[in-house]
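Asks: I would like to see how this sequence folds:
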Amino acid sequence: MGAGAAKGRPKKNSFCECTNIVFVAGDTVRIEFIWPGPAPHGGQFFLIKPRRSGVFLGRPISVAEWRPRNPIKPDDGGILGFIISRQGKGSRELVDLRPGEEAELTGPLGNSWADFDTETGGVIALVGGGTGIAPLLSFAQELGKRQFDFYAGFRTGSFCLEKIKPRSLVITSENGSQGIKGRITDFFTPSGYGAVFACGPELMLKTVGDACIACEVPCFISMERHMACGVGACLGCTVRTIKGNRLCCSDGPIFRAEEVCFDR
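Replies: Residues are numbered from 1 along each chain as shown. Modelled structure (predicted):
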């Protein structure tokens, strides 16, 4: 499966209670909601808007964690976790939520890392930049005994890495406050991996993708665009690819790196 593989998957719209919110670094929070189901897959996202909001559209946020109420019946609801950084008006409203308040959640939307992972083998690498680690954290949760290395790059201090169990963990920060000083792309090489899964700033994705193409290692990247509907109806979240324009919400957000046209 590939882009658009999530079409036809169940989704739901519901007002959900915020149960926990913690600042993890600067203006970045980890926030949890009670979600009545269906279960999301790593790489998918939700449109989220506080019940009392000054914005018309929900903000697309990737799932960072999913804890089902009943592991045997994961579609019976559970706890959704997200990592959100204060940026525009919509994200500021989410960061300012308090436990007990409600937000409207629509999802899960988009395709997932698992749609592509069936094509890969061996040890894989997960490469994230900033809040781009979020969908990779939820993917790591699904990997079970599958071996993976995790590369996480931050501007300053690291966050939300305590629950993952990679074979190797590489952390970088641009100011040297955590891990190695520098950018994650300075210390990552795809050679030897069965596949690479990446999410973060677009320049980081291009750099990782180019390195993977040069090494002939499959690379799958999660793109970010402003969205309205989240289901492909408004045609407002275009991603240019060698196969023509695609929609980040319904064909993605995950694409094959070699198909994305970064140069504009």
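Asks: where does Leu136 land in three-state SS?
Replies: The three-state assignment at Leu136 reads helix, by DSSP: H, G, I helix; E, B strand; the rest coil.
Asks: same thing with the one 3 residues further on?
Replies: Under the three-state scheme (three-state DSSP), the conformation of Phe139 reads as helix.
Asks: Would you map out the domains in the chain?
Replies: Structural domains assigned to the chain are 12-109, 114-221, following automatic domain parsing.
Asks: Now do Cys62, the pLDDT please.
Replies: Check again: residue 62 is Ser, not Cys. Per-residue pLDDT puts Ser62 at 97.
Asks: That one contacts Cys248, doesn't it?
Replies: No: taking CB atoms under 8 Å as the definition, Ser62 is not a contact partner of Cys248, at 11.8 Å. All C-beta atoms are positioned from the backbone trio N, CA, C, and that covers glycine.
Asks: What's the separation between Arg67 and Lys145?
Replies: Using CB to CB, to the nearest Å, Arg67 is found at 20 Å from Lys145.
Asks: surely Gly230 meets Lys49?
Replies: No: with contact taken as CB under 8 Å, Gly230 and Lys49 are classed as non-touching, separated by 11.2 Å.
Asks: When those two are compared, which one has more neighbours?
Replies: When neighbours are counted by other CB atoms under 10 Å, Gly230 comes out ahead of the other of Gly230 and Lys49, with 23 against 20.
Asks: what sits against the more buried one?
Replies: Phe45, Leu47, Gly58, Pro60, Thr106, Gly107, Leu109, Cys249 (CB atoms under 8 Å, 6 or more residues apart in numbering).
Asks: Is it located within a helix, as I assumed?
Replies: No: with three-state DSSP as the criterion, Gly230 is coil rather than part of a helix.
Asks: Show the low-confidence segments of this structure, by residue range.
Replies: Judged by pLDDT under 70, the chain has its weakly predicted residues at 1-8, 119, 264.
Asks: And the helices in it?
Replies: Listed from the start of the chain, the chain has helices (DSSP state H) covering 89-95, 114-117, 134-142, 202-215.
Asks: The last one packs against which elements?
Replies: Read that as helix 202-215. strand 124-129, strand 195-199, strand 219-222 (3 or more CB pairs under 8 Å, 6 or more residues apart in numbering; DSSP states H and E).
Asks: What residues sit buried inside it?
Replies: By neighbour count with 16 or more other CB atoms under 10 Å, helix 202-215 contains the buried residues Met204, Leu205, Lys206, Thr207, Val208, Gly209, Asp210, Ala211, Cys212.
Asks: Dump these into CSV; add distance to Asp96 as well.
Replies: Shown next, in CSV, are the buried residues of helix 202-215 (distance: CB to CB, whole Å):
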residue, distance to Asp96
Met204, 28
Leu205, 29
Lys206, 33
Thr207, 34
Val208, 33
Gly209, 35
Asp210, 38
Ala211, 39
Cys212, 38
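Asks: Which neighbours do Gly230 and Lys49 have in common?
Replies: Between them, Gly230 and Lys49 share the contacting residues Gly58, judged by CB under 8 Å, 6+ apart.
Asks: could the domains of the chain go into JSON lines alongside distance to Val260?
Replies: Supplementary listing: the domains of the chain in JSON lines, determined by distance: least, CB to CB, whole Å:
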{"stretch": "domain 12-109", "distance to Val260": "15"}
{"stretch": "domain 114-221", "distance to Val260": "7"}
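Asks: Which one of the ones you listed lies nearest to Leu235?
Replies: Go through the domains of the chain one by one with CB to CB and the one that ends up closest to Leu235 is domain 12-109, at 14.7 Å.
Asks: Quick one: end-to-end distance for the closest one.
Replies: 9 Å (CA to CA, to the nearest Å).
Asks: likewise stretch 124-133?
Replies: With CA to CA as the measure, what separates the two termini of stretch 124-133 is 15 Å.
Asks: Could you do stretch 198-207 as well?
Replies: From the first residue to the last, stretch 198-207 extends over 11 Å; the measure is CA to CA.
Asks: residues making contact with it?
Replies: With CB under 8 Å, 6+ apart as the criterion, stretch 198-207 contacts 62, 126-130, 132-136, 153, 183-185, 208-209, 219-224, 257, 260, 262.
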